[in-house]
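Colleague: 3D, please:
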Amino acid sequence: MAVNINPRRTPLIAGNWKMNLDHLQAIAFVQKLAWNLKDANHDFAAVEVAVFPPFTDLRSVQTLVSADKLPLAFGAQDVSAQESGAYTGEISGAFLAQLECQYVIIGHSERRTLHNESDEQVAAKVTAALKHNLVPLICVGESAEDLAVHGPSAVPVAQLRAALAGVTNAADIVVAYEPVWAIGSGQAATPEQAEQVAAALRGVLTELLGQDVADKTRILYGGSVKSGNIAAFMREPNVDGALVGGASLDIPEFSSIIRYQKHVGL
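Modeller: I've put the predicted structure just below:
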């Protein structure tokens, strides 16, 4: 099986904290994670690390990362499609840019299901993020029912097509395939399943944005990722990293996921 070493795509391991950790806990967590990885001589140029705290933690994380010059990227878990105005509870991309966020998660399955976000809303948020030079981390994925009815890749491919409606071939984006049936279940997709969908998603990128963009866009897998299975996913040629949920809140476990190259000898 081929090992994923593509010089154009630096692997990205991203931790989605969801609604966990207040701003004081976030400071302690980021400090410990950075120390842990530094002690392990992690090469941040070889594998990029990003964390996605709740909105209320972002300023604290920004201040810490900036003051201590930590080699960690960070981003928000959502963004408004609106620029400003009477939109109570919404967070503008302009605000996130001022907080020096590099990334923003858009279209996470929990937003799609719990908040009924449509493909059109996801596309509008992608456009809003790009307007402020935020890299959208676009999530796509299918439920168990979708998989049974439509087969593998059909729903994620359709979601990605919709999300890219306003995107030009100059845009910097990241795509995350998160099979809803695997999230939090403890039962991940197989590496072969992830690769099949990732390859189909890269085909959409090629068709809509061109070969150059497709070649450099990172496609992540998310769904019950842990240190025991990350290496198998990262051996697939079209899987360029992971969007990690619950395991990203456990520093030793998350660090082990990040350092997958070390413990498999890549």
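
Colleague: now do the helices in the stretch 1-150 of the chain.
Modeller: Ranges of helices within the stretch 1-150 of the chain are 23-39, 58-68, 93-98, 109-114, 119-131, 144-150, based on DSSP state H, counting those that start in this stretch.

Colleague: remind me which residues of the stretch 51-200 of the chain are low pLDDT?
Modeller: Along the stretch 51-200 of the chain, segments meeting pLDDT under 70 span 184-186.

Colleague: quick revisit: between the helices of the stretch 1-150 of the chain, which one is closest to residue 218.
Modeller: Residue 218 sits nearest to helix 119-131 of all the helices of the stretch 1-150 of the chain, at 15.4 Å, using CB to CB. For glycine as for every other residue, the C-beta is placed from the backbone atoms N, C-alpha and C.

Colleague: not counting the closest one itself, show me its contacts.
Modeller: Identification of contacts with helix 119-131 by CB atoms under 8 Å, 6 or more residues apart in numbering yields 78-83, 92-93, 104, 106-107, 112, 135-136, 138, 158-159, 162-167, 171, 173.

Colleague: output it in CSV with nothing but the alpha carbons.
Modeller: C-alpha atoms of helix 119-131 as CSV (Å, rounded to 0.1, in the frame of the first residue of the first chain):
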residue,chain,number,x,y,z
ASP,A,119,-26.1,23.1,1.3
GLU,A,120,-26.9,26.6,0.3
GLN,A,121,-26.1,28.0,3.7
VAL,A,122,-22.8,26.0,3.8
ALA,A,123,-21.9,27.5,0.4
ALA,A,124,-22.6,31.0,1.6
LYS,A,125,-20.4,30.5,4.7
VAL,A,126,-17.6,29.2,2.5
THR,A,127,-17.8,32.4,0.4
ALA,A,128,-17.9,34.5,3.6
ALA,A,129,-14.8,32.8,5.0
LEU,A,130,-12.8,33.2,1.8
LYS,A,131,-13.7,36.9,1.7
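
Colleague: that older thread, point out the most buried one among the helices of the stretch 1-150 of the chain.
Modeller: Neighbour counts (mean count of other CB atoms under 10 Å) averaged over each of the helices of the stretch 1-150 of the chain peak at helix 119-131, with a mean of 21.

Colleague: if we can go back for a sec, out of the contacts of helix 119-131, which are buried?
Modeller: 78-81, 92-93, 104, 106-107, 112, 135-136, 138, 158-159, 162-164, 167, 171, 173 (16 or more other CB atoms under 10 Å).

Colleague: related to what we said a few turns ago, what's the closest of the helices of the stretch 1-150 of the chain to residue 206?
Modeller: Closest among these, using CB to CB: helix 119-131, at 18.1 Å.

Colleague: between the helices of the stretch 1-150 of the chain, which gets nearest to residue 214?
Modeller: helix 119-131 (16.6 Å).
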